[in-house]
Each structure stands twice: as structure tokens, then as C-alpha cells.
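Novice: need coordinates for the below:
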Amino acid sequence: MPRPLCRGCQRPQKQCYCKALKEEAACMDIIILQHPRESRHPLNTARILELGIGNCEVWVGEDFSNHSQLLKTLAEKNCYLLFPGANARASQDVLRTETPEVLIILDGTWRKAKKIYYCNPLLQQLPGIELTDLSLSDYRIRKAPGAGALSTVEAAVNLLRQASRDSKAHQQLLDTFSLMIDQQINAMGQEVFRKNYPQGNG
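Specialist: Sure, this is the predicted structure:
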């Protein structure tokens, strides 16, 4: 029998993290374009952003070329894509002179995020931001594609802290992320964790 899930965070009710979050506003609007497969992943971190940031929206799909809300936003607002594409500049360089109105984030595995990027020429034309001065990821239970890889929530918080010049901004999002990871490790047991994720335990 499947375990009952929380309607908010979609985690098992015993691992619900909703109470750890209090909605707050970010210094720019956030739009997350999420691959359908990632939307079904029980540990997807975009949900933490969606629940914890009032001006954050998550849209699911691969091809957004006919997505009316996205097209309207791109036409009316100063949008930047958080992605190391051909038009990307270092985050410190961009944020030294301006703050985007809208930050667009691609959510999925690295392979799936690239698929969204290449399926949508409009995204390729956007000015891009590539994070600099990265902290180490706390995503101890997913295999990273390489050194410096961050989860979606970690990448977003890093960028928002640089933009707001507040090194403690949105700490509740990272605390909730750590809570979710700790709960999952406890549920699987330390022995399974050490066997399957040796890079995440020292």
C-alpha cells in the first residue's frame, strides 16, 4: 500500500517539510522550467523553491515554444537564463551592473536540462548567467555530473545571495533542503547510504 503523501511538498507525510518553510519574496521573479521526469522525482528541489518563494513559478515540459505565459514574460521583462550556454557571463560580472527582473532556471538532470535548452531557441537567445564562487553541494544522495554541480535550490539561493548582496538570504530554503536529505538518509539507513553514495559521506 503506497504511503500517504503531503499535498504540498509531495513527500511522505512523516517526512513533510512544509512547516519548515515560510513564504518570502526574492529580489527577482523566478521561473523554473522543469523536465517532466524531474517533476516526478521525489527529491526534486524546485518544489522547495516553489513553496518557499512567493514570486517563483514552476512550469513543466520540454518544448516551451508555444507556452503563452513564457512568451509574454520574455517579451515584456528583462530575463536572464541561469545556464552555462554560449551567451553566459559570470554571475559576478552581470550582477555588478544590473539585477534581472526574471531569472529562468532549467530543472532536471544535466542531460535533461540541456535537452530543454536545445529544444527552445528562444532560451538560447537569452542573456545567460553562469554561477561563480560556488559552494559545495549538500546533495548527498544524488550523483553529481561533476565538481561544482549544485541542486536547483542551491543554485538559485547562490544567485539570489549574490544579487541581493546578502550572504544569509533565503537560508530557510537551504535548511529545508538539508532536512529533506537527512530524512531520506535516515529512511534508507546509514548502511545503504554509505554503500550507494560514498561521495556523500566523507
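
Novice: tell me the pLDDT of the residue lying closest to C27 once chain neighbours are set aside.
Specialist: Of all residues not flanking C27 in the chain, S164 sits nearest, at 4.6 Å (C-beta to C-beta, 6 or more residues apart in numbering). Heads up, the C-betas are built off the backbone N, CA and C, glycines and all. pLDDT recorded at S164 is 95.

Novice: quick one: S164 from S68, how far?
Specialist: Distance, S164 to S68, using C-beta to C-beta, to the nearest Å: 30 Å.

Novice: so L160 touches K168, yeah?
Specialist: No. In this structure, L160 is not within contact of K168 by C-beta atoms under 8 Å, at 11.1 Å.

Novice: with neighbour numbers in mind, choose between the two.
Specialist: Using other C-beta atoms under 10 Å, the more surrounded residue of L160 and K168 is L160, with 20 against 7.

Novice: the residue lying closest to D107 once chain neighbours are set aside: neighbour count?
Specialist: Using C-beta to C-beta, 6+ apart and skipping the chain neighbours, the partner closest in space to D107 is Q34 (4.1 Å). Counted with other C-beta under 10 Å, residues neighbouring Q34 total 26.

Novice: show me what contacts Q34?
Specialist: If you count contacts by C-beta atoms under 8 Å, 6 or more residues apart in numbering, Q34 has them with N44, A46, V58, W59, V60, G61, D107, G108.

Novice: nearest residue to L122 other than its sequence neighbours?
Specialist: Nearest non-adjacent residue to L122 (C-beta to C-beta, 6+ apart): L74, at 6.2 Å.
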